[in-house]
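Asks: Prediction below, plus the sequence it came from.
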Amino acid sequence: MRALLTSLALVIAASAPARACPEGDTPFPPQYPDPALFEEGIAAMAGQPPWHEPLEAVVVPHHLEVPDLVALGIAIARNAAPERILFLFPDHFNQTGRGFATTTRDFETVLGHVPNDRAATRALIEGGLPESCLFAQDHGIGAVLPFIAHYLPDVPIVPVALSIHSRPRDWDRLAELLAPLVGPDTLIVQSTDFSHYLPHHEARLRDQQVLNILAADDEDALLRLHQPDHIDSLAALYLTRRLTGRPALVLANRNQQEVTPVRLAETTSYMVIAFSENTGPVATRLVDEEVLVVGGDLFLGRHMPRLLSDELAEERTVQTALAATGGAALLLNLEGVLLEEMPTNLPHLTLGMPADLTQHWLERLNVAALGLANNHALDLGADGLAETRAHLTRAGVAHFSHAEGLDISGLSVVGLRDISNREAPYRDLIAQADLDTLIHPDDQRPVVAFFHWGREGMAEAGPREALLARQAMARGVSVIVGAHPHVASSGPVVLDGGDAILFFSVGNFLFDQFDQPGPASSGALVELRVFPQGTVFARQLPLPNLFDIARGRSDAP
């Protein structure tokens, strides 16, 4: 412990003069005397339920231009019923030099009293953190405390100010000191704003990089972010991620330009981020975003009509699928051809499916759109594809084929097929002109490339797929999703510092692959949260094997 204390003391530099502390142990007075500044955000979040699972940390803004976002982050934390709040924020006025600081004082706010967990803050001071008066004037804490007083009354806080000049080795030492304070009874509140001092179009690119790095949970890429171009406190984000060990889920992303009609040369961006187990879908719209879930291959022919004629099999399959998607709008790859009348002599690998059965399932699963850019869409030639498209059009189901785009849920989704069963040379079919269809005329609209590529059983990108992914990224694509291998990749990979994120294969959604040699089939989902400024947060969700559930080989979750 003494070595830790010495190390922490070494990173603490002389502080610049700060506002004098109140006399004795008097609490810090309110920074903001007008309750209306906070009541607007609280009113906007009226009726917002607490988070659906234990919440370990939340990131909120500290600019009162977006009081609803601050209120959202603290409001959802009510279910945690914490005994303590560890409050991390950037030292805006460089009072800590290259280090960190805390205080043992309570806080008064316009919405109520916020007590200090003195036992914890005294332990930090004994561990080498100085006690500072900077907390009297820094909006990084002052703008958030009234929301804590409102939503989490009487919960004591452990405030820690973090220098922008500190470094990862310093953060690791601090994490070691903070670790005993973190547990199921502690909520971490990280007060952090994102891209600073950039015009909106540049800030939006920086935000997308942060979103993709958080989605991939890539610590190396996180450490390459720039302060303040990407974030005002990389230390705070690093510590929250390290102390919770949980993946990030971005619930809101907004830029200052969106809340004012005046053109700003320099803007600030804001995010609300939850850290919890986060394994399930969050299909509900929380503020102003749209949600779309992307899945893999859907095929309802061959053995499926007989299997799904059993009402119990249908019901358990549907309920399992809806639990996995949260009932959100769904985009799938339709693997095969829709037929009004099914012939009895289709070859095994010619994929046809009954149009009426398929339409029934599309409705039950809340399928909003289908991709037809795959190797089986032309199994019955151009006429079969035309019949499929005509049926989907009559049913009101949006769809797209090879090198075609579809605007949906605030996104543009473009399908590209690199393999075919009918067109020589059968592989490596995507040309530069096809890739150019990824360029959307509205450069503020995020683009998702939906590739059909690779080989069956292939779970990671090969050289060809890596090349196509880079070429898609060069055309402004934010998210790349792939299908065809019938197995799901282990998780996303961030490309080029966050410019794009790659989900190489989402595998099967519902497909009748019986036991066969090679890797067992599997599937995953990609949940897309699309924010009005033109950014998107993508994360991989688990998907049970729906085919096994349909045939009773696996219990529904």
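Replies: Sure thing, it's come through. Numbering: from 1, shown residues only.

Asks: Next one: G507 relative to L372, how far apart?
Replies: As for G507, its distance to L372 is 18 Å (criterion: CB to CB, to the nearest Å). C-beta here means a position set from N, CA and C on the backbone, and glycine is covered the same way.

Asks: Over to A329?
Replies: Computed with CB to CB, the distance linking A329 and L372 is 18 Å.

Asks: With V160 instead?
Replies: For V160, the distance to L372 - CB to CB - is 53 Å.

Asks: now do L528
Replies: According to CB to CB, L528 and L372 sit 20 Å apart.

Asks: ok, now A120?
Replies: Counting by CB to CB, the gap from A120 to L372 is 58 Å.

Asks: May I have the helix or strand hosting Q540 as PDB, with CA atoms only?
Replies: Here Q540 sits within strand 535-543, counting by DSSP states H and E. Presented in PDB, the C-alpha positions along strand 535-543 are these (Å, rounded to 0.1, in the frame of the first residue of the first chain):
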ATOM      1  CA  THR A 535     -24.300   8.600 -35.800                       C
ATOM      2  CA  VAL A 536     -25.000   5.000 -34.900                       C
ATOM      3  CA  PHE A 537     -24.100   2.700 -32.000                       C
ATOM      4  CA  ALA A 538     -23.900  -1.000 -33.100                       C
ATOM      5  CA  ARG A 539     -23.500  -3.900 -30.700                       C
ATOM      6  CA  GLN A 540     -23.700  -7.700 -31.100                       C
ATOM      7  CA  LEU A 541     -26.500  -9.500 -29.300                       C
ATOM      8  CA  PRO A 542     -26.700 -13.300 -28.700                       C
ATOM      9  CA  LEU A 543     -29.200 -15.300 -30.600                       C
END
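
Asks: A355 - nearest residue in space that isn't next to it in sequence?
Replies: Distances taken as CB to CB, 6 or more residues apart in numbering place L338 nearest to A355, at 4.3 Å, with adjacent residues excluded.

Asks: which residues does the one you found bridge with?
Replies: Counting by DSSP bridges, L338 forms beta bridges with M353.

Asks: Was I right to think it contacts H391?
Replies: Yes: using CB atoms under 8 Å, L338 makes contact with H391 at a distance of 4.8 Å.

Asks: So for those two, which residues contact both of them?
Replies: Residues touching both L338 and H391 (CB atoms under 8 Å, 6 or more residues apart in numbering) are A355.

Asks: Next, count neighbours for L322.
Replies: 17 (other CB atoms under 10 Å).

Asks: helix, strand or coil for the nearest residue to L298 once chain neighbours are set aside?
Replies: Excluding the flanking residues, the one nearest L298 by CB to CB, 6+ apart is L332, at 4.5 Å. Look at L332: counting by DSSP: H, G, I helix; E, B strand; the rest coil, its state is strand.

Asks: Bridged to L332, which residues?
Replies: Going by DSSP bridges, L332 forms beta bridges with L370.

Asks: before we move on, back to that, can you pick out the residue with more neighbours from A329 and L372?
Replies: A direct count of neighbours by other CB under 10 Å for A329 and L372 places L372 higher, at 25 against 17.
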